[in-house]
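Visitor: sequence and predicted model, in that order:
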Amino acid sequence: DLAPYGAGVRRRTLRLRTRGRTSEPFPWAFVGADAIGGVAEQAGLVVVERHDYAGRWCAVLEVAR
């Protein structure tokens, strides 16, 4: 699941809240469809496909060879 094109990479610390309970803070990143290539490369992966499903972006990644 990716953020839309133009979003770049944004890092945040988040907490989940549900039924009156709150999690400990944890790191989270929002990665735009335009920025996934660089993030994938740093992780030793390559982008094979990008898809837009009714406004929600997804990517298929594979291990770089």
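Guide: Noted; the coordinates are in hand. A quick note: this is a predicted structure, and the numbers were derived from the prediction, not measured. Residues are numbered from 1 along each chain as shown.

Visitor: what are the ranges of the helices in this protein?
Guide: 36-42 (DSSP state H).

Visitor: strands of that one, residue ranges please.
Guide: 9-14, 17-18, 21-22, 26-31, 45-53, 56-63 (DSSP state E).

Visitor: so where's the chain shaky on pLDDT?
Guide: When residues are selected by pLDDT under 70, none of them lie in the chain.

Visitor: can you check which of the strands of the chain gets nearest to Gly38?
Guide: Closest approach to Gly38 among the strands of the chain (CB to CB): strand 9-14, 7.8 Å. Every residue, glycine included, has its C-beta placed from N, CA and C.

Visitor: got a list of contacts for the closest one?
Guide: Ala3, Pro25, Phe26, Pro27, Trp28, Ala29, Phe30, Val31, Gly32, Ala35, Gly38, Val39 (CB atoms under 8 Å, 6 or more residues apart in numbering).

Visitor: who does the fourth one form a beta bridge with?
Guide: So the one you mean is Pro27. Thr13 (DSSP bridges).

Visitor: that one and Arg11: what is the separation?
Guide: Going from Pro27 to Arg11 by CB to CB, to the nearest Å gives 7 Å.

Visitor: report the central residue of this protein.
Guide: Nearest residue to the geometric centre of the chain (CA atoms, centre = their mean): Val31, 4.0 Å.

Visitor: distance of that one from Pro25?
Guide: According to CB to CB, Val31 stands 20 Å off from Pro25.

Visitor: if we can go back for a sec, show me which of the contacts of strand 9-14 are buried.
Guide: Ala3, Val31, Gly32, Ala35, Val39 (16 or more other CB atoms under 10 Å).
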